[in-house]
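1. Curious how this folds, go ahead:
(one chain, ligands or ions: 1)
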Amino acid sequence: MRSLLHNAALALSALAGLAVAASGAGQAQQAAAVPDTPLVLAAADMRPGIDLSGPWHWSIDPYRDGAAGFHGGEPGVGHRRYDDTDVEAASRANPTALFEYDMDRSPTVSLPSSWITHSPEMRWYRGLVWYARDLDAAPRPGERTFLRFGAVDYSADVFLNGKKVGHHEGGFTPFAMEVTEGLRAGKNRLVVGVDSDRDERSVPPPVTDWENYGGITRSIRLVSVPATFVDDAWVRMTRSGRIAADVTLDGAGKAGSPVRLTVPQLGLAIDGRADAAGHWHGEAAAPARLARWSPEHPTLYDVEVAAGEDRWRDRVGFRTVSVEGNRVLLNGRPVFLRGISLHEEEFGAEPTRAITSAAARALLLEARTGLHANFVRLAHYPHSEVMTRMADELGLLVWSEIPVYWRVAFSDPAVLAKARVMLAENIRRDRNRASVALWSVGNETPVSEPRTAFLRTLVGDVRRLDPDRLVTAALLTERKEQGGHPVMVMADPLANDLDVMAINTYNGWYTPDRLADVPAIGWDTPQSKPLIFSELGADALAGFHDLTTRRKFSEEFQADYYRQTLAMADRIPNLAGMSPWILKDFRSPRRQHPVFQQGWNRKGLVSEAGQRKAAFGVLADWYAAKDNTSSSRKPVR
Ligand code: GCB
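-> Alright, predicted model coming up:
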């Protein structure tokens, strides 16, 4: 049922996208309501449940034999990896039976993890992989149960006891599928077909500058809730400084159900009743003793929403974020965003995109305490919820984005529909995180009418889903010469729609400019809005030194690049922050210089193993000088 609803929502949003594409950029803001993601299960990671991480059987299926017959249509009985069949027992019972798979006898790996580290042959595998495991359940009458995946890259087909429970596309956002009806008391068989293949209609498209970590990369849980439950709850401080909550109940008892929000440490309780559709909005003045969340004091409160038998819980910080002229304000005061970009990749020689709390903490502490950062750009897709929760705890503001990257098929309404669902899934997952300050709708997308209409629709969705945060996008610039100096000109019409303009700049790395000339580069951007350098950077191989020629790929070149680019930044009046590219070297199949890259993008300020390069200190010193709050900061451990 849920998956039917999901498909219907996708179809509707595809139609909405069609209307947008046909009506042109001007009317994109009036596009139909935000796509209705089928189920939110907000803060699912805080709900009690059964953790399904650990050993799973796996089997590759490069010809998709388990998904379709060799003439198309349904796969034959001997090929259906998803069936609830004990293949060995069935073969013994019927010696003429032919099975060309046996999930129970296939090897096991520990999930979550990308498959690129399952075995050496899997390093470059793109396509379908089946995963299977048994699970014991004890469903109680009156309860509803959901399978909840943190992320499956890129698409997933989920089967319980041989029956399909749903399909999900998009490698970086969570999804939940209801299994109340199909779940048996005792042993159950769970099978997931994971397909990492992406095509021209995928988001992101196949060509990017990062590793395609196919697999079940985030948590897998079985979550049980009362028959009527809190599906979505959004608890925050509004721009006007009030505490507000929007709650959506799901289930037969939702209409008119009493709802109560409490923040016990603040002695705050707000009561109300859901409307006929199960929605409730409540708000109250912020209690005087509330300590606002900030990077220096990342105070979080336990919050609870009680509705019928359900108790929904989260840990939430309260703060405001806004823009005044060309400054970004946090809690009403200007803040310079001392940031760094990150991919979702843990430290180590063989990352597999397994972001545990320890992995997230190690990355974010290197930014927070090592670089004196107060901001991270989580590029280029929604990162694990473990990461955004850790940012809440450690006091780092977050830029969060969906993978609308480079050459997305902007004219295709179905692609817009996908991007809208991803954006809605991301915002609904993380709008309770105080750390998240900026939602970004795209990265380096070439300007055209269909692209601008596409991104305007996404901007409109952000404004409807979360009007209290800022909207941005990493935009492209044009280069002109004026008075003998290069000038970078922002001529993107999307800038008008954004709260904060963002630009990736690589003068001196991707251009032949001498580094000594970089500080004199001019910036012609609208002055009425804040500007962020969402990227700047240069490759260096940790340990490669060249003190004489200071050539590209040496630590000296990268350090000089930072010195000169920061000198350029010092001359830009509306610069409100930056997130240089990037904290750590990351895997990228594009990058194949045999000595310096070997499949890694080397723009990290630290190597994949965590070795700091010379440029690290250059940025850390610049940030320390910009940080006028260090004396009031709570120590971070
Ligand atoms: C960019 C992209 C980023 C790349 C980076 C680079 O502009 O946004 O994804 O990895 O440049 O290293 O070239």
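2. Only the buried residues of stretch 589-597, if you could.
-> Residues of stretch 589-597 classed as buried by neighbour count (16 or more other Cβ atoms under 10 Å): 591, 596-597. Any C-beta I mention is one placed from the backbone N, CA and C, and that applies to glycine too.
3. Remind me which helix or strand residue 566 belongs to.
-> Element membership of residue 566, judged by DSSP states H and E, is helix 555-569.
4. partner strands of the next helix or strand after that helix, parallel or antiparallel?
-> Next along the chain after helix 555-569, taking DSSP H and E as the criterion, comes strand 575-578. Applying DSSP bridges, strand 575-578 is found paired with strand 337-342 (parallel), strand 531-536 (parallel).
5. Any idea how far strand 575-578 is from the middle of the chain?
-> The chain centre lies 22 Å from the centre of strand 575-578; the measure is Cα atoms, centre = their mean, to the nearest Å.
6. Surely residue 88 is in a strand?
-> No. If the criterion is DSSP: H, G, I helix; E, B strand; the rest coil, then residue 88 is helix and not within a strand.
7. Hmm, it is touching residue 103, no?
-> No. In this structure residue 88 lies outside contact range of residue 103 using Cβ atoms under 8 Å: 10.6 Å.
8. Please enumerate the shared neighbours of those two.
-> Taking Cβ atoms under 8 Å, 6 or more residues apart in numbering as the contact criterion, no residue touches both residue 88 and residue 103.
9. ok, these two, which is more surrounded?
-> The residue with more neighbours, out of residue 88 and residue 103, is residue 103; 22 against 12, by other Cβ atoms under 10 Å.
10. what does this structure put close to the ligand?
-> 209, 380, 443-444, 504, 535, 581, 601, 603 (Cβ under 6 Å from any ligand atom).
11. quick one: which of these is nearest residue 152?
-> Taking Cβ to Cβ as the measure, residue 152 sits nearest to residue 380 out of the residues of the chain next to the ligand, at 17.9 Å.
12. Name the SS class of the closest one, please.
-> coil.
13. still on that earlier bit, secondary structure, pLDDT and neighbour count for the residues of the chain next to the ligand - can I get that in JSON lines?
-> Formatted as JSON lines, these follow (DSSP: H, G, I helix; E, B strand; the rest coil; pLDDT from 0 to 100; neighbours: other Cβ atoms under 10 Å):
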{"residue": "209", "secondary structure": "coil", "pLDDT": "98", "neighbour count": "17"}
{"residue": "380", "secondary structure": "coil", "pLDDT": "98", "neighbour count": "25"}
{"residue": "443", "secondary structure": "strand", "pLDDT": "98", "neighbour count": "26"}
{"residue": "444", "secondary structure": "coil", "pLDDT": "96", "neighbour count": "17"}
{"residue": "504", "secondary structure": "strand", "pLDDT": "97", "neighbour count": "18"}
{"residue": "535", "secondary structure": "strand", "pLDDT": "98", "neighbour count": "22"}
{"residue": "581", "secondary structure": "coil", "pLDDT": "98", "neighbour count": "28"}
{"residue": "601", "secondary structure": "strand", "pLDDT": "98", "neighbour count": "22"}
{"residue": "603", "secondary structure": "coil", "pLDDT": "99", "neighbour count": "28"}
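14. quick one: which of those is nearest to residue 164?
-> Closest to residue 164 out of the residues of the chain next to the ligand is residue 380 (30.9 Å), distances taken as Cβ to Cβ.
15. list the contacts for that closest one?
-> Counted by Cβ under 8 Å, 6+ apart, residue 380 has contacts 204, 208, 210, 343, 401, 403, 405, 443.
16. which strand residues sit across from the residue nearest to residue 177 when sequence neighbours are not counted in the sheet?
-> Nearest residue to residue 177, sequence neighbours excluded (Cβ to Cβ, 6 or more residues apart in numbering): residue 166, at 4.1 Å. Beta-bridge pairing of residue 166 under DSSP bridges involves residue 158.
17. do residue 148 as well
-> Beta-bridge pairing for residue 148 (DSSP bridges): residue 176, residue 221.
18. So it is in contact with residue 174, correct?
-> Yes. Using Cβ under 8 Å, residue 148 makes contact with residue 174 at a distance of 6.6 Å.
19. any idea how far residue 329 lies from the ligand?
-> Going from residue 329 to the ligand by Cβ to the nearest ligand atom, to the nearest Å gives 27 Å.
20. how about the nearest residue to that residue, chain neighbours excluded?
-> Using Cβ to Cβ, 6+ apart, the closest residue to residue 329 is residue 322 (4.8 Å).
21. where's that neighbour, which helix or strand?
-> strand 321-324.
22. sorry, back to before: mind listing what's buried in the helix holding residue 566?
-> 555-566, 568-569.
23. residue ranges for the helices of the protein, please.
-> Ranges of helices in the chain, per DSSP state H, are 2-23, 87-93, 357-365, 385-394, 413-430, 449-465, 555-569, 614-626.
24. who's in contact with the shortest one?
-> Contacts of helix 87-93 from elsewhere in the structure, counted by Cβ under 8 Å, 6+ apart, are 97, 99, 101-105.
25. ok, now which ones touch the residue nearest to residue 343 when sequence neighbours are not counted?
-> Among residues not flanking residue 343 along the chain, residue 586 sits closest, at 4.4 Å (Cβ to Cβ, 6+ apart). Each residue near residue 586 by Cβ under 8 Å, 6+ apart is listed here: 210-211, 343, 345, 600-601, 604, 608.
26. how about a cut-off of 10 Å?
-> 209-211, 341-345, 351, 379, 600-604, 608 (Cβ atoms under 10 Å, 6 or more residues apart in numbering).
27. nearest to the ligand, of the residues you listed?
-> For the contacts of residue 586, the residue nearest the ligand by Cβ to the nearest ligand atom is residue 209; the value is 3.6 Å.
28. Isn't the closest one up against residue 403?
-> No. Using Cβ atoms under 10 Å, residue 209 makes no contact with residue 403, being 11.6 Å away.
29. Which residue would you name as the spatial centre of the protein?
-> By Cα atoms, centre = their mean, the chain has its centre lying nearest to residue 382, at 0.5 Å.
30. Name all residues that make contact with that residue.
-> Remark: with contacts taken as Cβ under 10 Å, 6+ apart, residue 382 is in contact with 151, 170-174, 344, 388, 400-403, 422-423, 425-427, 429-430.
31. What score does it have for pLDDT?
-> Looking at residue 382, its pLDDT is 98.
32. Who's the closest spatial neighbour of residue 611, skipping the chain neighbours?
-> Leaving aside its sequence neighbours, residue 611 sits nearest to residue 542 (Cβ to Cβ, 6+ apart; 4.6 Å).
33. Would you mind listing the residues in contact with the one you found?
-> Counted by Cβ under 10 Å, 6+ apart, residue 542 has contacts 555, 558, 585, 602, 604-614, 616.
34. And the pLDDT for it?
-> Note on residue 542: pLDDT of 98.
35. Could you check how far it is from residue 606?
-> Using Cβ to Cβ, to the nearest Å, we find residue 542 at a distance of 7 Å from residue 606.
36. what does residue 624 give?
-> On the measure of Cβ to Cβ, residue 624 and residue 606 end up 17 Å apart.
37. of those two, who's got more company?
-> Higher neighbour count among residue 624 and residue 606: residue 606, with 21 against 12, using other Cβ under 10 Å.
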